[in-house]
Every structure is written in structure tokens, then in C-alpha cells.
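A.B. asks: Need the 3D shape of this:
(chains A and B)
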There are 2 protein chains.
Amino acid sequence: MTISIVGVGLLGGSFALAVREKYPKARFIGVDASAVHGQLALAKGIIDEMMPLTEAVAQSTLVVLATPVNTILTLLPTVLDHLPVDATVLDLGSTKEGICALVDLHPNRAQFVAVHPMAGTENSGPGAAFRELLPGKNLIICDREKSQSDSLSLVEAMFNDIGMKLFYMTPQEHDLHLAYVSHLSHISAFALGLTVLEKEKDEQAIFDMASTGFSSTVRLAKSSPQMWAPIFDQNRDNVSQALADYIDFLQRFKAVIDERDVPGSLDFMVRANVIRRVLEGIEKR
Amino acid sequence: MTISIVGVGLLGGSFALAVREKYPKARFIGVDASAVHGQLALAKGIIDEMMPLTEAVAQSTLVVLATPVNTILTLLPTVLDHLPVDATVLDLGSTKEGICALVDLHPNRAQFVAVHPMAGTENSGPGAAFRELLPGKNLIICDREKSQSDSLSLVEAMFNDIGMKLFYMTPQEHDLHLAYVSHLSHISAFALGLTVLEKEKDEQAIFDMASTGFSSTVRLAKSSPQMWAPIFDQNRDNVSQALADYIDFLQRFKAVIDERDVPGSLDFMVRANVIRRVLEGIEKR
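C.D. replies: Sure, this is the predicted structure:
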């Protein structure tokens, strides 16, 4: 089995490291716009060789698109055009509606499986990849009925084998939920980072006065702009609504503070405390 | 030396555990409105006995006010009224302006040292207390020139001995900076928790679809409303301004997304990435 990893970064690299351990006889080809990333991926044993996309696709059993989502939109139709007849392509993109709509009517649509592994860190590139990123996490598969059964079975088996738990939903459901539980978290962190940096021109004051509360809330502000700008753009309708809802809660909280409505303030926070039960559910996974 | 811990919760309890290790001959008295907290603090060896406030103060070398800040406002004048002549009282409150202003003209003001340890977790109560909470963290001392030198030296020595790094500033500077690097982080987490809970009525969807990005950003939403409502109220002017600044950034980010201004979106995030350097400074501590 030959697996091509297109985009040998955090996700592509970590996927390859996890699969390689379970499928020791598989051969891994890397495809990346960055020669430096390719070198690092080779050195780390993420992939066995690097080559251009067309060459890689022609030899592949499975092609994995692990680039930013705007690049996936560019590459996926081309890959589907040239994919060998029994091969499969999947994408790992953080948005699904746009990608699925783009190839919905492609003659080879059945060879495509749309997935999204719910995993990541704030770091990027092959240097950030590690084998333990995906195992134990959740994988979303969208529009499964549009994938041919051999392709779907291959992908399901592979992700099961690396210890992920599979969930199924439409691309619309995926993008809506993710706007709230993922994309909004990232935007809130970026905005918090900017607010503090703007105020505390003297970064030393932030060093001196912040404690781990600040660090955890703003950690995601270290995330890659190149990865996230396309995600927010593709999911703009849902993200915009999530932002509107969030801003609304913040304005209501501000009003309660301005009016010295301490019971109202308590009430907000008591209701938010319900999240403890949810988080303990996540952390137990 | 007898040290009274008024409020045997996360901060008071952790302080006692750290100091006890360095000052093994000191005697610790606990004062708490909650009999259950008192029992737990005794059982954990945080304090040696529990007693009412007046009795405790009469026997103390040092009184530590580790209650929510509204309670500190109530207790501090009374403690200063009854403090033995060579004794010292300090508070650990997360706001400083209101507390310092309240006792600025008290006849025994010189026996008071206003401090704030920059440390905490989202948990509360004596069950949450642990010896390693304070060591290695920063301590802010405000209005040091208003404390008599014996009291100041005692407090500085004690916090140095438990491994904290001391910083000095006015109460006004303290409350301003903390609104941005601490209070805003907590509010953003509370609001994010509410936004997601409101949308995802089915908590299972949050379980299934969130990953550690969400968990870290919303962790502070587990924080105690009873602790935070008085803090936001006492620091309302600064907190309200910090919120206004934050909401402004969020609205600008939303506009950039609505207008599909991808370069603008990238720019926001690249500027926010500067926080990486700041966070790495904090994490190295």
C-alpha cells in the first residue's frame, strides 16, 4: 500500500507517524510546496520519499490532503481527475461544506472521503508532528453515502486502527458545530492576545503580572494564521453568527458590571459553570 | 509565631501549606464561615485549630485575609481595630484599590500590608489547596511605603522564603493591569462557555466535537462565581474598559470575516502571534 501525504505538517505528519506504526509495510510519499518541510519530514521518518503531486498520485492507494483548506479546494479536483481507478483520496480539512460542495458532482466523487480529525495543537509544520496526536481523539466523516464502500471501509479501518472514534454527520452540521466549539475559541484567543498586547505595550508587565489563567486562555493565539484565515473564510456564515452570539454575551456581561448588578453577574457565572461537567466529559476521553 | 488564615480555601490553604514547610515551628489557626471547610482544612493539616475571628486575631503575629474581596472589605477594618500592637495583617485579594482606599486613614494602617499572589486554579475550597501553588509565582505588593518596616519585612521575608518573586506598584497600577491580563481572560471564558452551552443544547455534541483547543480556552469558566463577582464589581471601571477594548477587536475581526478580507484576517492573527514570545516568557518562569 502506498500512501501520499500532501502537506507534511502537524496533521499530515502526525497521521503518517500513527499509521506507519500500525501498517509497517506501507510506503509513504510526501508532497509539499516547501522543500524545507520535505527535508524535515524525511529526517523525522514521517515519509520515505518526497515527489511532486502528479507523480505521487499516480502511484498511490490513498492520497491524504493535509494542507490549509484553501489549498484543498485547489488540489482536490485535480487529484480526483488523476486518481488511479481503485485509489482513494481523503482530506483532513477543518471545514467541510465548501470542500464537499466543490466535488459533489465530480465523476470520481465516490473515490473521495471527507473527514476531519478533531485534534491539533497551536504549533505547525513537520517539526510539530507526533505520533500520539490522533489516537484517542474523534474523527468526523461527512457525506459517507457519497463515498464508494471500498474507499469508505479503507478509511474507517485505518482511523479505527490508529485509535480514533468515528462520528458521522452532514457537512452542514459539521461546519455549524465547529464554528461554536472550535473556531470561536480560536478567534476569542486571537482577540484577547491583541487586546492585551495593545494595552500592555510594555511586554514585561504581561510577563510579571500574568499567571496560568491568562496563558491557557490565550494559548490558541499562537496558532498559524495561514491555516486559520482560510478556515474562517470558508465557514464565514457560521463563524460570523457565532461571533455575534459571543459579542452579545460579552455586552450583556459588561452591562451587568456597569450597573453593579452583582446577582446578575453571579447568575451569568453560575450558568457558565455548567461547562465543568462538559469539560470533565472531554478530559475523561 | 502564630499565623491566622481567615478563609481556608485555595489561596489561604495553599499559603499555609507552603509557609508551614518553611516555618515548621509556626502555629496555624484557621477562621472560616464554613464549618465543613474548617473540618477539611484540619484533616488536611492546613491549620492546627479552628476558632472565631476575634479570638484568632488576639493571639496572632500575622493575620492573613484570604476570603473573597467583598468579605475582605468587611473584615479588614475590624481586624485592624483589634490587632495586637506588634502584629501584622495582610490580604491576598485580587483587587487592591478599594481595599487600600478603605483603610488608608485607619489609625493602624501601618500594620497592614496589601499583597496579591499571582497564582490560582479554577478550583476552590480547602480540597483544592496544595503546597506547590505559590512557589515560583509572582507576588505584587502595593503601597509598601504605608506599611511599617517591621510588618513589611516580615511579609517580604515570608513570601521570599516560599519562593515567590516580589513586585511593587500602586493599587491603581495593579487593578489596571489585572483587568487586562487576568480579569478579561476570566470573563472571555465565562462568555465562551455560555455561548457554546446556549447553542449546543445537546451537551453530547460538545463532548463529541470539541478538542483540547476548546477545553483550554474555556477552562476558566469553571471558576468560582462567589470569588469573581466581587472582583469584577470592585474593579468595574477597569474591567468595563478592558471589555470595551476586547469587544471592539472582536467586532473588527467579525467585519473582516464578513467582508472576506483575508489579508486583513491574516494581519490580525500575525499581530496576535506576537503573544507567543510573551507566553514563552511566562512559561519559562
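A.B. asks: Which secondary structure state does the residue lying closest to A:Ser147 once chain neighbours are set aside sit in?
C.D. replies: Nearest in space to A:Ser147, with sequence neighbours left out and distances taken as C-beta to C-beta, 6 or more residues apart in numbering or on different chains, is A:Val113 at 4.7 Å. From N, CA and C alone the C-beta is placed, and that goes for glycine too. Recorded secondary structure, A:Val113: strand (DSSP: H, G, I helix; E, B strand; the rest coil).
A.B. asks: show me the contacts for A:Ser188.
C.D. replies: Contacts here follow C-beta atoms under 8 Å, 6 or more residues apart in numbering or on different chains; on that basis A:Ser188 touches A:Thr217, A:Tyr246, B:Ser188, B:Leu192, B:Thr217, B:Leu250.
A.B. asks: rewinding a little: now do the residue nearest to A:Ser147 against B:Val69, distance only.
C.D. replies: Using C-beta to C-beta, to the nearest Å, A:Val113 is found at 55 Å from B:Val69.
A.B. asks: Repeat that for A:Met209.
C.D. replies: In terms of C-beta to C-beta, A:Met209 sits 17 Å off from B:Val69.
A.B. asks: same check, this time on A:Thr67
C.D. replies: Distance, A:Thr67 to B:Val69, by C-beta to C-beta: 50 Å.
A.B. asks: Comparing those two, which residue is more hemmed in?
C.D. replies: A:Thr67 (27 against 24; other C-beta atoms under 10 Å in any protein chain shown).
A.B. asks: Tell me the secondary structure at the more buried one.
C.D. replies: Here A:Thr67 is coil, with the state taken from three-state DSSP.
A.B. asks: try A:Leu166
C.D. replies: Assignment for A:Leu166 (three-state DSSP): strand.
A.B. asks: Which residue is the nearest non-sequential neighbour of it?
C.D. replies: Using C-beta to C-beta, 6+ apart, the closest residue to A:Leu166 is A:Leu139 (5.3 Å).
A.B. asks: count of neighbours near A:Thr74?
C.D. replies: Neighbours around A:Thr74, by other C-beta under 10 Å: 12.
A.B. asks: Run through the bridge partners of A:Val31.
C.D. replies: Beta bridges link A:Val31 to A:Val6 when assigned by DSSP bridges.
A.B. asks: since we're on it, how many residues are nearby?
C.D. replies: 27.
A.B. asks: isn't A:Asp48 right next to A:Pro24, touching?
C.D. replies: No - the criterion here is C-beta atoms under 8 Å, and A:Asp48 misses it with A:Pro24 at 12.0 Å.
A.B. asks: Look at the two and report which has more neighbours.
C.D. replies: A:Asp48 (16 against 7).
A.B. asks: quick one, what contacts the more buried one?
C.D. replies: Counting by C-beta under 8 Å, 6+ apart, A:Asp48 makes contact with A:Arg27, A:Phe28, A:Ile29, A:Leu42.
A.B. asks: what separates it from A:Ala41, distance-wise?
C.D. replies: 10 Å.
A.B. asks: what helix or strand is the residue nearest to the spatial centre of chain A on?
C.D. replies: For chain A, the residue nearest the mean C-alpha position is A:Ser94 (4.2 Å; C-alpha atoms, centre = their mean). Using DSSP states H and E, A:Ser94 falls within no helix or strand.
A.B. asks: residues in contact with the closest residue to it other than its chain neighbours?
C.D. replies: Among residues not flanking A:Ser94 along the chain, A:Ile231 sits closest, at 4.9 Å (C-beta to C-beta, 6+ apart). Counting by C-beta under 8 Å, 6+ apart, A:Ile231 makes contact with A:Pro68, A:Val69, A:Ser94, A:Thr95, A:His183.
A.B. asks: List just the nearest of those residues to B:Leu134.
C.D. replies: Closest approach to B:Leu134 among the contacts of A:Ile231 (C-beta to C-beta): A:His183, at 36.4 Å.
A.B. asks: tell me the contacts of that closest one?
C.D. replies: A:Ile231, A:Phe232, A:Asn235, A:Asn238, A:Val239, A:Ala242.
A.B. asks: Now restrict the residues you listed to buried residues only.
C.D. replies: Among those, those scoring as buried are A:Ile231, A:Phe232, A:Asn235, A:Asn238, A:Val239, A:Ala242 (criterion: 16 or more other C-beta atoms under 10 Å in any protein chain shown).
A.B. asks: how far away is the last one from chain B?
C.D. replies: For A:Ala242, the distance to chain B (C-beta to the nearest C-beta, to the nearest Å) stands at 7 Å.
A.B. asks: same deal with the fourth one?
C.D. replies: Taking C-beta to the nearest C-beta as the measure, A:Asn238 falls 10 Å from chain B.
A.B. asks: Kindly report the same for the third one.
C.D. replies: As for A:Asn235, its distance to chain B is 9 Å (criterion: C-beta to the nearest C-beta).
A.B. asks: hang on, isn't that residue packed against A:Asp175?
C.D. replies: Yes - the pair A:Asn235 and A:Asp175 passes the contact test of C-beta under 8 Å, sitting 5.1 Å apart.
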